[in-house]
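**Q** With the input below, show me the fold.
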Amino acid sequence: MKMDAKTARVKIWEELLKVARPDSKFSWEFSEFIADYEGSDKGAALLASTDMYKNAKVIFITPDNNLEKLRETAFRDKKTVVMTNYGITRGFFLIKPEFIPEGKEEVASLLDGVSRYWKHQTLEQLKESVGHIDMLVTGASAITPSGIRFGKGHGYFDLEWAMLYTMGIVDETSVIVGAGHDCQVADVDVTVEEYDTAIDYIVTPTRIIETRHEFPRPVKGIIWCRLAPGMREQIPPVQELWCKVHCK
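**A** Numbers count the residues shown, from 1 in each chain. Reported below is the predicted structural model:
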């Protein structure tokens, strides 16, 4: 019998404490942020060596601590990057290669630094600017080999997928990658909701794992009745989509 997600989360966080790097805002509150950890740079290098990364012209990268090196790598490789801020409270942002001066890629990889170079985009503008996102990379508190992220629970990446899917900016050809430390990968029983966005690959400091692809991608867009309280009021692109339906 597999371990349940609640028990697994406790065990994973005990192991993560040994390799994690503290966050200036959340310290060790793993339920509130995705921690950076020893070897995240190696994970970024592993992913950057794959054909799926090399072939991706546009990459969505979440504003997670463990993806700093990947963001820097993407900027150096002249990828077009789409981001949000933490909590999506300012919406989506676009960083094209020409936005970042040569030599400023490391600064731009930091959450405080990237705001010097990114340009805010409504969903309509983003659709016009990039057309299609080839790869999405998200951090994770814990990941199963079946492709489900669990342990944190805010659901921001699921909401980002729902919004981008509604606009036709992502689809079944968009590759989804979850990044975590090896200790965060656990084959446990988790409850899968209709909005859970399963990932295709897991990248750790030591390996890339193709998931079992057990779950279909969500195709309903935002499930309005399942939004957490305050999300519609606090997240501009959610308001944008709400008005498309309800403000006519």
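**Q** does the closest residue to Val82 other than its chain neighbours count as helix, strand or coil?
**A** Leaving aside its sequence neighbours, Val82 sits nearest to Phe60 (C-beta to C-beta, 6 or more residues apart in numbering; 4.4 Å). No exception for glycine: its C-beta is placed from N, CA and C like everyone else's. Counting by DSSP: H, G, I helix; E, B strand; the rest coil, the backbone at Phe60 sits in strand.
**Q** how near is Phe60 to Ile133?
**A** Phe60 is 5 Å from Ile133, where distance means C-beta to C-beta, to the nearest Å.
**Q** Touching both of those two, which residues are there?
**A** Jointly contacting Phe60 and Ile133 under the rule C-beta atoms under 8 Å, 6 or more residues apart in numbering are 82, 164, 170.
**Q** Kindly confirm my reading that the first one is in a helix.
**A** Right, Val82. No. Checked against three-state DSSP, Val82 lies outside a helix; its state is strand.
**Q** quick one, helices of the chain?
**A** Along the chain, the segments classed as helices by DSSP state H run 5-16, 40-48, 51-54, 68-76, 105-109, 111-114, 123-130, 156-166, 231-234, 236-246.
**Q** Low-confidence ranges, this structure, go.
**A** Residues of the chain meeting the criterion pLDDT under 70: 1, 24-28, 31, 152-153, 248.
**Q** the more surrounded of Phe60 and Ile133?
**A** Phe60 (27 against 22; other C-beta atoms under 10 Å).
**Q** List the contacts of the more buried one.
**A** 81-83, 133, 135-137, 160, 164, 170.
**Q** Likewise for Ile169?
**A** Taking C-beta under 8 Å, 6+ apart as the test, what Ile169 contacts is 123, 126-127, 130-133.
**Q** try it again with 10 Å
**A** Counting by C-beta atoms under 10 Å, 6 or more residues apart in numbering, Ile169 touches 58, 60, 82, 92, 123, 126-127, 129-133, 163.
**Q** Give me the buried entries from those.
**A** Among those, the ones that count as buried by 16 or more other C-beta atoms under 10 Å are 58, 60, 82, 92, 123, 126, 129-130, 133, 163.
**Q** Return the member of these nearest to Asp187.
**A** Phe60 (26.7 Å; C-beta to C-beta).
**Q** ok so, going back, reformat the buried ones among the contacts of Ile169 as CSV; add distance to Ala142.
**A** CSV is the format used below for the buried ones among the contacts of Ile169 (distance: C-beta to C-beta, whole Å):
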residue, distance to Ala142
Val58, 28
Phe60, 21
Val82, 25
Phe92, 26
Leu123, 30
Leu126, 30
Ser129, 33
Val130, 30
Ile133, 25
Met163, 24
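**Q** between the contacts of Phe60, which is nearest Asp23?
**A** The closest of the contacts of Phe60 to Asp23 turns out to be Met83 (C-beta to C-beta; 17.5 Å).
**Q** For the spatially closest residue to that closest one that is not a sequence neighbour, name its beta-bridge partners.
**A** Nearest-residue entry for Met83: Phe93, 5.0 Å, with adjacent residues in sequence omitted and distances by C-beta to C-beta, 6+ apart. Counting by DSSP bridges, Phe93 forms beta bridges with Met83, His120.
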